[in-house]
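Visitor: Below is the sequence, then the predicted model.
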Amino acid sequence: MNRDQARAEAKGRIEEYLRMKGIDPRKSFPCFNPQHADTHPSMSFDRKHNRVKCFSCGASYDIFDLVGMEYNLDNKQAFAKTYELFGIREDAGQMQAKTGQNTHTDVYTHTDTHTQPDYTQYYNERKAHVSETDYHRGLSAETLEKHWIGFDPNFRTTDKDTGEYTTWRALIIPTGKGSYTVRNTDPEASKKNRYRNRGASQIFNLQTLHKAERPILIVEGEIDAMSIEEAGGEAVGLGSLDNIQLLLRVLEEKKPSQPLIIALDEETEPEKKENVSEKEKQLTDGLQRLQIPYYTLRPFAGYHDANEALMRDREAFVEAVASAENIEKQAEEEEKAAYLSTTAGANLQSFINGIAESVNTPCISTGFSTLDRVLDGGLYEGLITIGAISSLGKTSLVLQVADQVAQAGTDVLIFSLEMARAELMSKSISRHTLQLALDRRMDTRNAKTSRGITDGKRHMNYNQTEAQLIQEAISAYGEYADRVYIQEGVGDIGTAQIRETIEKHIRYTGRRPLVIVDYLQIVAPHNDRATDKQVVDNCILELKRISRDCKIPVIAISSFNRTSYKAEAQFESMKESGAIEYGSDIVIGLQLKGAGGVGFNPTEEKQRNPRQVELVILKNRQGKVGDKVLYEYYPMFNYFDEKGLA
């Protein structure tokens, strides 16, 4: 291109230049004028004229001015340097990117080359000065040379603490022909002023993915990747956890030559640790989708990252990296040992120990004596599913069991996916008002419904007896309320969160709770594309696993199909019943007395007060089935009065 075309092309690159400097051209930024102490960013980008202008001091610059100030160049040199940075040539042909002669590491990466500057000459200049700093982080001259590591004693950038321009003595780490990472060598630099990136994000040492002859470690930093190589291994550096999707896109185009070993930084701060876990899951999910073999390993155990391990204990780190190369063989041996450990003989002593341990961990009483007998003592480790038609009191019955369990000294953890915490609490207090009235043979009209408890206006009209009854009911509830934990949610609580919360409860309290999930059909789906049946099947499977892994009873409440409202309770009554029947240890159905019989009218039966409700054991993996327990149910007060076997 001719001179005018080249100049116009260069001027049009000012927005790209600003972004390379870490500046968002859509926002105000500190003035470039070295004579202006711009404490309040007052410079902005004028896209129409391809210039930056300060509305405080009036300074205005185009890209040649900015490059000239950055590299301390006169006008002619600034033009040449700008063309060099962006690969622009003044000739009769089209704009071309300089290829450069490179007999060392290939610095070309997976990138859109026509929009990238070419920093090859800058790399050549800076690597000649790498000996001017001793900030080599344990890396040998050979490793530094291989990766074109350079040193710039006058790197200009914005101080992110003050917003002013500053100069770094910086290590220059090429990540591609058009991108590099800058590492401030000042050990006193703040966290915000340790790194800068220039050019588009790239994966460091990317060619290793397709050339390696040994397993490849995926680490976060470029220096970490070089530390792995220093110890005799193969590695690529993400540069940032945000580059995981970039790595996956590269791997989707071409599979790696060797298995991958994920070795991200070891964080101790909870927030950072959670972020690493989340990003690691993104990576492992992507590798599974691409069917790329991978392992997770920390060869720098005890240290924050690979470079710290190299610096602190080089010999041990070299051994750890060498050991990582045998990870496939180690994994196969572990898999073999795990398989051989599944024999009954290998688990016989554990079985015997379990019998002894059960003496100190008896089953949990439901608080209903007849139901306990039917269940051979009460609630054991496993999944119990309870279903009923709408408004028959399945939540009220399970909540009453929860309260009775808590009263006896065992924690209860309720995942209420439909009702609010206050609603459940009011149901329990309402039940206590009726129980107190019945125990004292008082007029049951003094007892209060849930609405009667929560509606403050009504309290103004209560007589002294009613008010006293409510206070005593609240006091009775308060005696065990600290053992009832209620997690609210509406379609946003899935089995993963349920498991996590249970594990937190055990970790924080040292106690294993009775867990209640109300109700099964509105647990958040594991997959947005899953059918209702797939969601319930997965939920049953995961709740069963949770009960086994945490060694606790889990009660899941299920709704009935509308076609089952007049019929006797059976497996088919429950929505999406296949997994419920086969995955649950105990299945219980609630039905109105006489359900399924000739002339049965559910509407008339619901109008009775109290209602006659039967609890039917549909499945009991360890005991009898078919038993029925009769209850009188007071729906206004959420109270079940057990009457014995039906």
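Guide: In hand now; what should we look at? In this text, all values refer to a predicted model and were calculated from it rather than measured experimentally. Residues are numbered from 1 along each chain as shown.

Visitor: drop to CA atoms for contacts and neighbour counts, all remaining ones
Guide: OK.

Visitor: Could you identify the helix or strand that succeeds the helix or strand bottoming out on mean pLDDT in the chain?
Guide: None of the helices or strands of the chain scores lower by mean pLDDT, DSSP states H and E than helix 348-358, at a mean of 71. Going down the chain from helix 348-358, the next helix or strand is helix 369-374, by DSSP states H and E.

Visitor: Now do that next one: everything it contacts.
Guide: 365-366, 378-379, 624, 627, 629, 642, 644-645 (Cα atoms under 8 Å, 6 or more residues apart in numbering).

Visitor: Sort these by pLDDT and name the bottom one.
Guide: Ranked by pLDDT, the contacts of helix 369-374 bottom out at Lys624, which scores 83.

Visitor: what's the pLDDT at the residue lying closest to that residue once chain neighbours are set aside?
Guide: Once flanking residues are discounted, Lys624 sits nearest to Val374: 7.5 Å by Cα to Cα, 6 or more residues apart in numbering. At Val374, the pLDDT value in this model is 93.

Visitor: do Trp168 as well
Guide: For Trp168, the predicted pLDDT is 92.

Visitor: Kindly report the same for Leu297.
Guide: 84.

Visitor: How many neighbouring residues does it have?
Guide: 15 (other Cα atoms under 10 Å).

Visitor: quick one: it from Ile216, how far?
Guide: In this view, Leu297 and Ile216 are 11 Å apart by Cα to Cα, to the nearest Å.

Visitor: what do the two both touch?
Guide: Ile261.

Visitor: where does the spatially most central residue of the chain land in three-state SS?
Guide: Centroid check for the chain by Cα atoms, centre = their mean gives Glu278 as the closest residue, at 4.7 Å. Following DSSP: H, G, I helix; E, B strand; the rest coil, Glu278 is assigned to helix.

Visitor: any idea how far it lies from Leu241?
Guide: 10 Å.

Visitor: Grab the longest strand from this protein for me.
Guide: strand 165-176 (DSSP state E).

Visitor: Can you dump the C-alpha atoms of that one in PDB for me?
Guide: This file holds the C-alpha atoms of strand 165-176, laid out as PDB (Å, rounded to 0.1, in the frame of the first residue of the first chain):
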ATOM      1  CA  TYR A 165       1.200   6.000  34.100                       C
ATOM      2  CA  THR A 166       4.200   4.200  35.500                       C
ATOM      3  CA  THR A 167       7.300   2.300  34.300                       C
ATOM      4  CA  TRP A 168       8.000  -1.300  35.000                       C
ATOM      5  CA  ARG A 169      11.200  -3.400  34.900                       C
ATOM      6  CA  ALA A 170       9.400  -6.200  33.200                       C
ATOM      7  CA  LEU A 171       9.900  -9.800  32.000                       C
ATOM      8  CA  ILE A 172       8.400 -10.200  28.500                       C
ATOM      9  CA  ILE A 173       6.900 -13.600  27.800                       C
ATOM     10  CA  PRO A 174       5.700 -14.200  24.200                       C
ATOM     11  CA  THR A 175       2.500 -16.200  23.900                       C
ATOM     12  CA  GLY A 176       2.300 -15.700  20.100                       C
END
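
Visitor: Would you state the strands of the stretch 401-550 of the chain in chain order?
Guide: 412-416, 484-488, 514-518 (DSSP state E, counting those that start in this stretch).

Visitor: Would you format the ones you listed as CSV with distance to Lys593 included?
Guide: Listed next are those as CSV, based on distance: least, Cα to Cα, whole Å:
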stretch, distance to Lys593
strand 412-416, 28
strand 484-488, 31
strand 514-518, 24
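
Visitor: Return the list of strands paired to the longest strand of the chain, each annotated with direction.
Guide: Here strand 165-176 has these sheet partners by DSSP bridges: strand 150-158 (antiparallel), strand 179-184 (antiparallel).

Visitor: Just name the most buried of these.
Guide: Most buried of the strands paired with strand 165-176 by mean neighbour count (mean count of other Cα atoms under 10 Å) is strand 179-184; its value is a mean of 23.

Visitor: Provide the contact partners of that strand at residue level.
Guide: Contact partners of strand 179-184, identified using Cα under 8 Å, 6+ apart, comprise 117, 119, 168-175, 193-202.

Visitor: repeat for stretch 217-225
Guide: Under Cα under 8 Å, 6+ apart, the answer for stretch 217-225 is 137, 173, 204-205, 228, 233-241, 260-265, 305-307.

Visitor: Now do that stretch: distance to the chain's middle.
Guide: Put simply, stretch 217-225 sits 23 Å off its chain's centre (Cα atoms, centre = their mean, to the nearest Å).

Visitor: Give me the distance between the two termini of that stretch.
Guide: One end of stretch 217-225 to the other measures 8 Å (Cα to Cα).

Visitor: Pull out the buried positions in that stretch.
Guide: For stretch 217-225, burial by neighbour count (16 or more other Cα atoms under 10 Å) applies to 217-225.

Visitor: could these go into TSV alongside distance to Tyr633, secondary structure and pLDDT?
Guide: Listed next are those as TSV, based on distance: Cα to Cα, whole Å; DSSP: H, G, I helix; E, B strand; the rest coil; pLDDT from 0 to 100:
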residue	distance to Tyr633	secondary structure	pLDDT
Leu217	63	strand	93
Ile218	62	strand	94
Val219	62	strand	94
Glu220	61	coil	93
Gly221	65	coil	93
Glu222	68	helix	95
Ile223	70	helix	95
Asp224	67	helix	95
Ala225	68	helix	95
